[in-house]
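Q: My questions concern the predicted model and sequence given below.
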Amino acid sequence: MSEDASFEYGAERPLRLKAEDAEDLQVVSALSQDAVFPANEMRYLRGERRFALLLNRFRWEDRARAEARGRPVERVQSMLVFDDVTSVRSSGVDRADADLILSLLSVDFAPAEEGAGTIEITLAGDGAIARGVECINVALQDVTRPYIAPSRKAPTHKD
């Protein structure tokens with residue numbers, strides 16, 4: 001048996017979400033929580049006003065089904081794309097370190113005037129990536145088949 005899972009196991013399709021307001025962004029944040037990615041998988045395309053991340057996302061939406069069926073939990077590679085970006089800054093992130101693996105904790109929006117504001121990704125270990133945006137225009141899309149999570153466990157957090 002292959003180590004790859006498939007969307008057919010869960011009779012579902014790849015995740016494809018769009019966030020256009022703060023409430024939508026909370027859904028994207030919840031489904032992206034505990035995603036991991038190498039620091040070199042971030043791109044700011046200034047001319048396109050786009051910031052993109054290639055994530056190894058834990059499939060929270062499939063966790064209960066996996067546990068009920070006694071099968072391992074899954075991850076999937078996903079693109080998290082922010083459009084209408086006017087600036088990007090980070091702290092606690094050494095983008096020159098090709099071996100640095102980052103873990104996403106949350107995606108939050110701090111509004112400014114007329115729909116503009118800042119979208120911040122909070123990372124484990126006190127890192128953060130903030131983007132100035134004209135509006136909330138975020139997409140989360142699975143781009144590969146799911147695969148069995150290497151740890152075979154759901155992420156846990158200490159309170």
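A: Structure's in. What do you need? Residues are numbered from 1 along each chain as shown.
Q: Let's see stretch 63-81 as PDB, backbone CA atoms only.
A: Taking Å, rounded to 0.1, in the frame of the first residue of the first chain, the C-alpha atoms of stretch 63-81 are listed here in PDB:
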ATOM      1  CA  ARG A  63      -9.000  14.800  11.600                       C
ATOM      2  CA  ALA A  64     -12.300  13.500  13.000                       C
ATOM      3  CA  ARG A  65     -12.900  11.200  10.000                       C
ATOM      4  CA  ALA A  66      -9.400   9.800  10.200                       C
ATOM      5  CA  GLU A  67      -9.700   9.100  13.900                       C
ATOM      6  CA  ALA A  68     -13.200   7.500  13.500                       C
ATOM      7  CA  ARG A  69     -11.900   5.200  10.700                       C
ATOM      8  CA  GLY A  70      -8.700   4.400  12.500                       C
ATOM      9  CA  ARG A  71      -6.500   5.700   9.800                       C
ATOM     10  CA  PRO A  72      -3.500   8.100  10.100                       C
ATOM     11  CA  VAL A  73      -4.100  11.800   9.900                       C
ATOM     12  CA  GLU A  74      -3.000  13.700   6.800                       C
ATOM     13  CA  ARG A  75      -1.100  16.700   5.600                       C
ATOM     14  CA  VAL A  76      -1.300  18.300   2.100                       C
ATOM     15  CA  GLN A  77       0.700  20.900   0.300                       C
ATOM     16  CA  SER A  78      -1.300  24.100  -0.100                       C
ATOM     17  CA  MET A  79      -0.700  27.600  -1.500                       C
ATOM     18  CA  LEU A  80      -1.600  30.500   0.800                       C
ATOM     19  CA  VAL A  81      -1.800  33.600  -1.400                       C
END
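Q: who touches the helix or strand harbouring D24?
A: D24 belongs to helix 22-32 when assigned by DSSP states H and E. With contact meaning CB atoms under 8 Å, 6 or more residues apart in numbering, helix 22-32 is reached by 15, 17-19, 55, 57, 60-61, 78, 80, 104, 106-109, 111, 119, 136, 138, 140. In this view, the C-beta of every residue, glycine as well, is placed from N, C-alpha and C.
Q: what's the offset of it from the middle of its chain?
A: Mean-position distance between helix 22-32 and its chain equals 10 Å (CA atoms, centre = their mean, to the nearest Å).
Q: swap in stretch 151-159?
A: Centroid displacement of stretch 151-159 relative to its chain, using CA atoms, centre = their mean, is 16 Å.
Q: ok so, going back, tell me which helix or strand comes right after the helix holding D24.
A: Using DSSP H and E, the helix or strand that follows helix 22-32 in sequence is strand 36-38.
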